[in-house]
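Undergrad: build me a model from this:
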Amino acid sequence: MNIYAYSLSLSVMEYQTAVLRGDMDATAEILPSIPKEQLNKVARFLEAHTEAETKWKALGDHALVVWRFDLVKEAFNKVGDLSSLMLLSLAVGNRDGVTDNLFPNNLAFATFFQLGDTQACMDQQSLVPKAVDAWHTELWRWNKSKISASIGHLSEHTDLFEEGWHNVLCRKVESR
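TA: Numbering: from 1, shown residues only. Predicted structure coming up:
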């Protein structure tokens with residue numbers, strides 16, 4: 001009978017889990033707590049994780065060359081390559097790809113605008129105050145209060161938006 005001793009570092013497991021979730025804030029907090037003798041294991045994990053992303057990107061690029069858009073979408077989804085997904089949606093005129101909740105609001109708006117879908121742009125308008133609030137919160141969290149204070153909010157600073165956000169979008173819809 002052979003007996004093997006094996007130890008499992010909780011901090012390494014937490015770090016790997018945070019990397020797989022894409023939670024870079026958590027990884028930054030956990031990394032200093034990892035024992036120095038475990039850093040090689042972390043490096044091998046990160047190398048393997050990066051190789052998998054590289055393979056998915058290469059697969060997506062190759063699928064694009066042979067016009068397999070379904071495979072392109074799947075590959076770029078796996079690595080979270082939103083800019084490539086946006087370009088794909090624009091290239092094939094795929095409005096449905098934008099509404100899959102893959103894109104952050106700014107990319108969704110830009111994609112709808114490029115596709116000429118002004119109604120979808122207007123639908124995105126209702127999300128702007130929420131996005132500005134999130135932006136303010138993030139800037140305050142990073143001690144950028146002056147920058148945060150300089151950003152106008154549609155509901156609080158209506159004088160900054162004389163022409164009116166809604167009116168501009170309505171004119172765009174009418175002109176089509």
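Undergrad: for Ser11, give me its contacts.
TA: Ile30, Ser33, Ile34, Pro35, Gln38 (Cβ atoms under 8 Å, 6 or more residues apart in numbering). Where C-beta positions appear, they are placed from N, C-alpha and C, glycine not excepted.
Undergrad: Ala18 too?
TA: Met24, Ala26, Thr27, Ile30.
Undergrad: the first one: neighbour count?
TA: In this case it means Met24. Number of residues near Met24 (other Cβ atoms under 10 Å) recorded here: 10.
Undergrad: in the longest helix belonging to the chain, what counts as buried?
TA: The longest helix of the chain (DSSP state H) is helix 39-65. Neighbour-count burial for helix 39-65, counted by 16 or more other Cβ atoms under 10 Å, picks out Val42, Trp56, Lys57, Leu59, Gly60, Ala63, Leu64.
Undergrad: how far away is the fourth one from Asn77?
TA: Leu59 sits 12 Å away from Asn77, going by Cβ to Cβ, to the nearest Å.
Undergrad: and Ala28, helix, strand or coil?
TA: Here Ala28 is recorded as helix under DSSP: H, G, I helix; E, B strand; the rest coil.
Undergrad: for it, give me its contacts.
TA: Ala28 touches nothing, counting by Cβ under 8 Å, 6+ apart.
Undergrad: against Ala58, how distant is it?
TA: 29 Å.
Undergrad: likewise for Glu14?
TA: According to Cβ to Cβ, Glu14 and Ala58 sit 30 Å apart.
Undergrad: list the residues that contact Ser148.
TA: Each residue near Ser148 by Cβ under 8 Å, 6+ apart is listed here: Trp135, His136, Leu139, Trp140.
Undergrad: which non-adjacent residue is nearest it?
TA: Of all residues not flanking Ser148 in the chain, Leu139 sits nearest, at 3.8 Å (Cβ to Cβ, 6 or more residues apart in numbering).
Undergrad: quick check: mean pLDDT of stretch 27-36?
TA: Averaging pLDDT along stretch 27-36 gives 87.
Undergrad: let me know the secondary structure of Ser155.
TA: Applying three-state DSSP to Ser155 yields a three-state assignment of coil.
Undergrad: show the contacting residues for the nearest residue to it once chain neighbours are set aside.
TA: Excluding its sequence neighbours, the residue lying closest to Ser155 (Cβ to Cβ, 6+ apart) is Pro129, at 5.8 Å. By Cβ under 8 Å, 6+ apart, Pro129 lies in contact with His153, Leu154, Ser155.
Undergrad: repeat for Gly22
TA: Going by Cβ under 8 Å, 6+ apart, Gly22 touches Gly80.
Undergrad: right, I'll call it a day here.
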